[in-house]
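Asker: kindly generate the corresponding structure for this input.
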Amino acid sequence: MFLARFLIDSFLASNTDAANGPLAQAASFLSGPVAHSALRPAGAQAARIHDLWQLTLWICMGVFAAILVALLIALVRAPRAAASAPPLTSHALGSERTARRWTTWATVGSAGLLVALLVADMWTDRALSRLPAADALHVEMTAQQWWWEARYLDAQGGPEFAVSSELHVPVGKPVIVTLKSVDVIHTFWVPSLHGKKDMLPGRSTQLLLRADKPGTYRGECAEFCGLQHALMAFSVSADPPEAYAQWRAGQQLPAAEPLGQDAIRGRQLFLSSNCAQCHSVRGTEAMGTLGPDLTHVGSRSLLAAGTVANEPAKLAAWIVDPQSLKAGSTMPSSKLPPDEVRALVAYLQGLR
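Answerer: Numbering: from 1, shown residues only. Predicted coordinates:
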């Protein structure tokens, strides 16, 4: 823990651009007005769900207001009597008929509103299932404790490349996301783009979504899945078609060659240590499958499923003592001297 703190302080002291670095980008990503809001839909499905929510909200508010008004009227019109007055044993026939009439109308009105909500819910569900899926992009999203793997598929359904805890989609194009879980029940949720969908171990489900506005949207696991459930997020970047095509072409390339002595030494350390047994880096001998693919890890804005910003200090702390940032993570701590940690960081930061 002391070594991790020392490395963080050392990197921060030398980072003069922290205000404009990945940490500031992460803060903007996590707190931005559009990043994580079901009330600002950015896709066709989210807009339908938002309309249904608005209808339900106004109906429930109207019913609640009517109940309050009826209660106030009853309090104001309630008969008053002195403490010595005898108890009332009978009611006027007219008042009973009036009360019965109002009760009947209230019951019929409530039933009608419930039926209206049911019809609206069925209509929304039908509209969600009828989104055109022609020429859709296919992505396989796998959840596990506590990170996400997005595997992009080619036209024949074969895997092309994988990224960790982030999605990139072209604006205006439907995306079919195949959802899987390798351990417990997780739930895929991007409030700005679609509703929730459970991810069940041993079963595959699908979600069709479309982003109509460019931007970066926050997704998360919406089903309690263990110790670090709260730190299991991912990002969805909706890019213009040209920018998406450029990003995808870059992701298909193998890992960049290291530049500089530290980065070269870092690659040697990575391939000769336990790192290569859990992680893969395309273009090298690292073929591990237990952890995220790190081929282009340097281009990611966040680490550990949205836990910390992808900056040298945080990456060093994550390598040395991941439990200090994400307790319960299956990544083991590394008892490496500071110079070797710096070399690993230089190599990983150069994988863009």
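
Asker: which elements pack onto the longest helix belonging to the chain?
Answerer: Counting residues, the longest helix found in the chain (DSSP state H) is helix 93-129. Here helix 93-129 is seen to pack against helix 44-77 when contacts are counted using 3 or more Cβ pairs under 8 Å, 6 or more residues apart in numbering; DSSP states H and E. From N, CA and C alone the C-beta is placed, and that goes for glycine too.

Asker: now do the helix it packs on against helix 93-129, angle only.
Answerer: For helix 44-77 against helix 93-129, the angle by axes from the mean of the first three to the mean of the last three Cα atoms, to 10 degrees is 170 degrees.

Asker: find the centremost residue of this structure, please.
Answerer: In the chain, the residue lying closest to the centroid (Cα atoms, centre = their mean) is Gly219, at 1.3 Å.

Asker: and that one, what are its bridge partners?
Answerer: Following DSSP bridges, Gly219 is listed with bridge partners Phe234.

Asker: residue contacts, it?
Answerer: 167, 188-190, 233-236 (Cβ atoms under 8 Å, 6 or more residues apart in numbering).

Asker: low pLDDT regions in this protein?
Answerer: Low-confidence segments of the chain, defined by pLDDT under 70: 1-35, 88-95.

Asker: one step back: mind checking how far the residue nearest to the centre of the chain is from Val139?
Answerer: Gly219 sits at a distance of 12 Å from Val139 (criterion: Cβ to Cβ, to the nearest Å).

Asker: now the common contact residues for these two.
Answerer: When Cβ under 8 Å, 6+ apart defines a contact, the residues bordering Gly219 and Val139 alike are Leu167.

Asker: count the residues that sit near the nearest residue to Glu220 once chain neighbours are set aside.
Answerer: Spatially, and ignoring its direct neighbours in sequence, Glu220 is nearest to Ala233 (4.7 Å; Cβ to Cβ, 6 or more residues apart in numbering). Ala233 has 22 neighbours, counted by other Cβ atoms under 10 Å.

Asker: wait, isn't Ala233 in contact with Ser165?
Answerer: Yes: here Ala233 reaches Ser165: they are 7.2 Å apart, a contact under Cβ atoms under 8 Å.

Asker: what touches both of those two?
Answerer: Taking Cβ under 8 Å, 6+ apart as the contact criterion, the residues that touch both Ala233 and Ser165 are 302, 305-306.

Asker: so Ala211 touches Ala42, yeah?
Answerer: Yes: applying Cβ under 8 Å, one finds Ala211 in contact with Ala42, separated by 5.8 Å.

Asker: any residues in contact with both of the two?
Answerer: Each of 193, 217, 238 lies in contact with both Ala211 and Ala42 under the rule Cβ under 8 Å, 6+ apart.

Asker: restricted to strands, list these.
Answerer: Where the shared contacts of Ala211 and Ala42 overlap with strands, as defined by DSSP state E, the overlap consists of 217, 238.

Asker: tell me the one among the shared contacts of Ala211 and Ala42 nearest to Lys326.
Answerer: Here the nearest of the shared contacts of Ala211 and Ala42 to Lys326, counting by Cβ to Cβ, is Tyr217; it sits at 22.3 Å.

Asker: so where do the strands sit in the stretch 251-352 of the chain?
Answerer: Secondary structure of the stretch 251-352 of the chain (DSSP state E, counting those that start in this stretch): strands located at 302-303, 308-309.

Asker: of all the ones you listed, which one is nearest Ala133?
Answerer: Judged by Cβ to Cβ, the one of the strands of the stretch 251-352 of the chain that comes nearest to Ala133 is strand 302-303, at 29.7 Å.

Asker: ok now that closest one, how far from the chain's centre?
Answerer: The gap between the average C-alpha position of strand 302-303 and the chain average comes to 14 Å, counting by Cα atoms, centre = their mean, to the nearest Å.

Asker: name the strands paired with it and say parallel or antiparallel.
Answerer: strand 308-309 (antiparallel).

Asker: list the contacts of the nearest residue to Cys221 once chain neighbours are set aside.
Answerer: Nearest residue to Cys221, sequence neighbours excluded (Cβ to Cβ, 6+ apart): Met232, at 4.3 Å. In this structure, Met232 makes contact with 143, 145-148, 186, 220-221, 225, 305-306, judged by Cβ under 8 Å, 6+ apart.

Asker: if you set the cut-off to 7 Å instead, what comes out?
Answerer: By Cβ atoms under 7 Å, 6 or more residues apart in numbering, the contact list for Met232 reads 146-147, 220-221, 225, 305.

Asker: help me confirm that Ser235 comes into contact with Gly215.
Answerer: No: under the criterion of Cβ atoms under 7 Å, Ser235 makes no contact with Gly215, lying 10.3 Å away.

Asker: more neighbours: which of those two?
Answerer: Using other Cβ under 10 Å as the criterion, Ser235 and Gly215 rank with Ser235 on top: 23 against 16.

Asker: turn the shared contacts of Ala233 and Ser165 into a markdown table, columns for distance to Pro312.
Answerer: Formatted as a markdown table, the entries for those read as follows, by distance: Cβ to Cβ, whole Å:
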| residue | distance to Pro312 |
| --- | --- |
| Leu302 | 14 |
| Ala305 | 19 |
| Gly306 | 18 |
